[in-house]
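Colleague: One predicted model, sequence on top.
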Amino acid sequence: MDTILRTILVAGAEAARRVYSFIRKNKNGGIFRRLERLRKEMMQTSAKATQMLTYEDPFSLADPTWLSTNLGILTCIECSGIHRELGVHYSRMQSLTLDVLGTSELLLAKNIGNAGFNEIMECCLPSEDSVKPNPGSDMTARKDYITAKYIERRYARKKHADTSAKLHSLCEAVKTRDIFGLLQAYADGVDLTEKIPLANGHEPDETALHLAVRSVDRTSLHIVDFLVQNSGNLDKQTGKGSTALHYCCLTDNAECLKLLLRGKASIEIALHFWCYKRASPYLSE
Ligand SMILES: [Zn+2]
């Protein structure tokens, strides 16, 4: 995380250079303390994640050693290979035993889980024949099924067909912090980066991610995480030019910031805004 903080501070823009030199000269200043606190909070998350894995076992699969971090489900090692082949915009696999997972990687697994995911994504599974692979199925059968389920969303419950209804349900899910409502919108094939209809928007033309970040607290990080990992574009700007990262700096939520940076939200676009906002009270002294 030091690298990210350093990137924010020393990135080429003129504004950043001015702020950086200011911070170096005023090490007791508010900005420096804030960054230090942020760094410490980020370091503590790994320790918390280890505890979660040790004390919680909410899964009932035979050998669930792989995690799709963006969908919040566990798979066996064979299926994880097929998920990897789909590409990271469909599924991001991490090993529960080989990778070092932080709290943020487990957010969706804790809040979605296989049962909740399948209730929506396997709702229309034909019951008469056994389409779903079992532990003895070969790789071709698994691949066909996984492609149908995750890429075509062939077995998903569909609630809304027209774009406007999909966007309304997306907006509602984010507002009410309803992860399964969000998953339903995803199953309906909503464009997660689209402007959402919102009467009382902070700025015009917000996306679901702006809304989620603007209202984030400790109980709704998983909503932000789902959008970060499944939107494909974290740098959509409002009518006033703000990205989700801008909004995040306003809410001052370190864990939300971490999710956005991990998802590779553009620091450059947010840089001027962030530095000026943080530094302006001190620069005028
Ligand atoms: Zn499997």
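Modeller: On my side now, so go ahead.
Colleague: got the contact list for Met93?
Modeller: Contact partners of Met93, counting by Cβ atoms under 8 Å, 6 or more residues apart in numbering, are 66-69, 75, 80, 83-84. Backbone N, C-alpha and C define where each C-beta goes, glycine included.
Colleague: Show the pLDDT at the most centrally placed residue in the chain.
Modeller: The residue lying closest to the centre of the chain (Cα atoms, centre = their mean) is Asp225, at 2.3 Å. Per-residue pLDDT puts Asp225 at 97.
Colleague: OK, contacts around it?
Modeller: When contacts are counted by Cβ under 8 Å, 6+ apart, Asp225 touches 104, 107-108, 259.
Colleague: go again using 10 Å as the cut-off
Modeller: 69-70, 72, 104-108, 111, 179, 212, 255-256, 259-260, 262-263 (Cβ atoms under 10 Å, 6 or more residues apart in numbering).
Colleague: Which strand or helix spans it?
Modeller: helix 221-231 (DSSP states H and E).
Colleague: Ok, Thr140 next?
Modeller: Per DSSP H and E: helix 139-146 holds Thr140.
Colleague: Which residues does that helix contact?
Modeller: So helix 139-146 is contacted by 75-76, 78-79, 81-83, 85-86, 90-91, 125, 131-134, 137, 154-155 (Cβ under 10 Å, 6+ apart).
Colleague: Off-centre distance for that helix?
Modeller: 27 Å (Cα atoms, centre = their mean, to the nearest Å).
Colleague: Identify each buried residue in it, please.
Modeller: By neighbour count on 16 or more other Cβ atoms under 10 Å, the buried set for helix 139-146 is 142-143, 145-146.
Colleague: likewise stretch 231-244?
Modeller: Residues of stretch 231-244 classed as buried by neighbour count (16+ other Cβ under 10 Å): 231, 234-238, 242-244.
Colleague: And stretch 215-222, by the same measure?
Modeller: Here stretch 215-222 shows 215-216, 220-222 as buried, counting by 16+ other Cβ under 10 Å.
Colleague: what's the average pLDDT for it?
Modeller: With pLDDT averaged residue by residue, stretch 215-222 scores 92.
Colleague: That one: how far from the chain's middle?
Modeller: 11 Å.
Colleague: does any bit of the helix holding Thr140 sit next to the ion?
Modeller: No - Helix 139-146 is not in contact with the ion by Cβ under 5 Å from the ion; minimum separation 6.6 Å.
Colleague: and after that helix, which helix or strand comes next?
Modeller: Helix 139-146 is succeeded, C-terminally, by helix 163-175 (DSSP H and E).
Colleague: That following helix vs helix 221-231, what angle?
Modeller: Angle between the axes of helix 163-175 and helix 221-231 is 140 degrees (criterion: axes from the mean of the first three to the mean of the last three Cα atoms, to 10 degrees).
Colleague: Output helix 163-175 as CSV, nothing but the C-alphas.
Modeller: The C-alpha trace of helix 163-175 is given here as CSV (Å, rounded to 0.1, in the frame of the first residue of the first chain):
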residue,chain,number,x,y,z
THR,A,163,-33.6,-1.1,-19.9
SER,A,164,-35.4,1.4,-17.8
ALA,A,165,-36.8,-1.2,-15.4
LYS,A,166,-33.4,-2.8,-15.1
LEU,A,167,-31.8,0.5,-14.1
HIS,A,168,-34.5,1.3,-11.6
SER,A,169,-34.0,-2.0,-9.9
LEU,A,170,-30.3,-1.5,-9.9
CYS,A,171,-30.7,1.9,-8.3
GLU,A,172,-33.1,0.5,-5.7
ALA,A,173,-30.8,-2.4,-4.8
VAL,A,174,-27.9,0.0,-4.2
LYS,A,175,-30.0,2.4,-2.2
